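J.: Model the structure of this input:
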Amino acid sequence: MKSGSIIMQAAIIKIDNNTHLVAYNDAAKALFSSNLLSLDQPFDYRNAFSLDATFDLSEYDDTIIVLNSQYFLLQKINESSLITFVLQPVEYLKKRLSKINVVGSHAFDIFAVKSQSMQKLIAQAKAFSMQREPLLITGETGTGKDLLASACHQYSPRGDQTFLGLNCAAMPDDVVESELYGHAAGAYPGALESKKGFFEQANGGSVLLDGIDEMSFQMQTKLLRFINDGFFRRVGDDNEVYVDVRIICATKVDLAELVEQGKFRKDLYYRLNVLSLNLPSLQERQEDIAPLTQIFIDEFANKQGITPPTVNQDVIPYLAQYSWPGNVRQLKNVLYSALAQLTSSQLTVKDIVLPAITSTQISLIRDIDNKTLDEMTKNYEKEVLKSLYVKYPSSRKLAKRLGVSHTAIANKLRDYGIGR
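T.: Down below sits the predicted model:
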């Protein structure tokens with residue numbers, strides 16, 4: 001499948017009884033790779049539609065499929081000598097389909113849930129999705145917090161309404177305030193027209209605030225008020241606006257610890273922590289490495305319009321022995337790198353390059369006697385910043401590289417004596 005394709009009309013593909021491609025329209029051409037669409041040649045619909053080998057399409061007239069992390073309604077129409085496939089993006093059909101909750105029932109299908117920890121998490125997520133209270137999602141970098149937030153929205157009664165997300169990290173207050181609450185005409189130099197913020201745009205839906213730990217105290221105070229009563233003012237406007245929006249927050253840090261350190265409002269923390277979901281690290285859900293590997297291989301093959309390679313039996317044990325500090329995102333990147341260079345029809349251990357343990361990491365592992373977890377974490381953080389500062393020799397460049405605020409990096413560099 002072609003990455004980034006947006007299809008507003010139905011994609012139509014016709015095959016004969018021998019599965020040879022007979023016809024297709026422009027929407028199908030825009031959706032799929034040209035390698036998959038060769039007239040008078042066999043059309044591998046299982047590969048094209050990412051269908052499991054055990055899935056018997058003859059038993060279904062329509063089903064929901066996932067292509068490039070997007071949902072499509074796949075319909076099959078049987079004729080005397082032809083089979084017609086019709087694909088339409090669920091986003092386009094969402095309002096008409098919301099009555100039978102098609103999106104909601106498939107919202108969590110993108111997750112691998114072989115491990116008990118993920119099974120428990122998804123069960124909790126389904127229950128919490130149905131509530132109105134704010135939702136707090138925690139987890140290490142790369143665990144999929146944004147995907148879980150989107151799935152919770154789709155599964156909820158608000159699933160047919162707007163879902164918007166804002167990354168609060170490395171954004172000054174005036175930008176955060178304008179993005180969330182909007183502004184009146186003349187509020188800023190050059191602001192000739194008023195602008196609706198995310199909360200107004202997503203009225204009736206949900207808004208994800210990623211990196212909530214990076215939000216300033218001033219913005220935390222304003223957010224708390226909005227969560228409590230639903231009212232706010234646009235920047236530069238005296239009129240109050242009311243909207244009905246569910247707040248979903250995501251963070252990779254321990255907010256309770258930030259509260260103890262005086263870096264996060266206690267009242268906001270307790271308001272957000274009513275319903276909380278913690279995504280386990282990949283190391284905590286090793287049973288999911290095998291299905292995740294297959295998901296990423298199929299996804300890569302669909303993007304490239306190729307047949308997915310088989311996986312050698314040694315690959316999964318090899319992947320399972322690695323610690324995966326970057327979690328699911330790192331696993332995907334490692335597999336994509338291997339697949340992009342693959343020259344055979346089978347993925348083997350030799351094709352996969354895992355990051356090597358550096359001498360600095362070895363010394364950190366050895367130098368742990370009589371040290372607390374906080375001391376060990378700070379030592380590791382210091383070494384990472386020292387290493388990266390060589391390539392990104394300023395607090396702003398380093399902050400951009402690490403995806404955190406300039407102020408936070410500047411403080412850490414000063415505390416560790418880096419760059420003096």
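J.: and Tyr392, how far is that from Gly211?
T.: Distance, Tyr392 to Gly211, using Cβ to Cβ, to the nearest Å: 19 Å. Heads up, the C-betas are built off the backbone N, CA and C, glycines and all.
J.: Among these two, which residue is more densely surrounded?
T.: In this comparison of Tyr392 against Gly211, neighbours counted by other Cβ atoms under 10 Å, the higher total goes to Gly211 at 21 against 16.
J.: Check the contact between that one and Asn167; I expect there is one.
T.: Yes. Between Gly211 and Asn167 there is a contact under Cβ atoms under 8 Å: 5.5 Å.
J.: how about the helices in the stretch 1-150 of the chain?
T.: Under the criterion DSSP state H, counting those that start in this stretch, helices of the stretch 1-150 of the chain are mapped to 26-31, 45-48, 90-97, 102-105, 116-129, 145-155.
J.: looking at these, which is buried most?
T.: Per residue and on average, the most neighbours among the helices of the stretch 1-150 of the chain fall to helix 145-155, with a mean of 23 (mean count of other Cβ atoms under 10 Å).
J.: average pLDDT for that helix?
T.: Per-residue pLDDT over helix 145-155 has a mean of 94.
J.: elements contacting that helix?
T.: The elements that helix 145-155 packs onto, with contact taken as 3 or more Cβ pairs under 8 Å, 6 or more residues apart in numbering; DSSP states H and E, are helix 102-105, helix 116-129, strand 135-139, strand 163-167, strand 206-210, strand 246-251, strand 275-279.
J.: Run a quick neighbour tally on the nearest residue to Gln41 once chain neighbours are set aside.
T.: When the adjacent residues along the chain are set aside, Gln41 lies closest to Leu21, with 5.9 Å between them (Cβ to Cβ, 6 or more residues apart in numbering). The local packing of Leu21 (other Cβ under 10 Å) involves 20 other residues.
J.: From Ser33, how far out is Leu21?
T.: Taking Cβ to Cβ as the measure, Leu21 and Ser33 are separated by 13 Å.
J.: same deal with Gly142?
T.: Noted for Gly142: a distance of 28 Å to Ser33, by Cβ to Cβ.
J.: Over to Ile83?
T.: Ile83 sits 21 Å away from Ser33, taking Cβ to Cβ as the criterion.
J.: still on that earlier bit, worst average pLDDT in the helices and strands packed on helix 145-155?
T.: Within these, confidence is poorest for helix 102-105, with a mean of 60 (mean pLDDT).
J.: can you tell me the average pLDDT over the helix or strand hosting Leu224?
T.: Using DSSP states H and E, Leu224 maps to helix 217-229. Mean pLDDT, taken over the full extent of helix 217-229, equals 94.
J.: Which residue, neighbours along the chain excluded, lies closest to Ser281?
T.: The spatially closest residue to Ser281, leaving aside those adjacent along the chain, is Glu140, at 5.1 Å (Cβ to Cβ, 6+ apart).
J.: Tell me who's in contact with the one you found.
T.: Under the criterion of Cβ atoms under 8 Å, 6 or more residues apart in numbering, the contact list for Glu140 reads 252, 279, 281, 327.
J.: Among these, name the buried ones.
T.: Neighbour-count burial (16 or more other Cβ atoms under 10 Å) applied to these gives 252, 279, 281, 327.
J.: ok, so of those, who is nearest Ile352?
T.: Distances from Ile352 to those, taken as Cβ to Cβ, are shortest for Asn327 (16.7 Å).
J.: can you tell me how far that closest one sits from Thr141?
T.: 7 Å.
J.: Gly186 now?
T.: According to Cβ to Cβ, Gly186 and Thr141 sit 40 Å apart.
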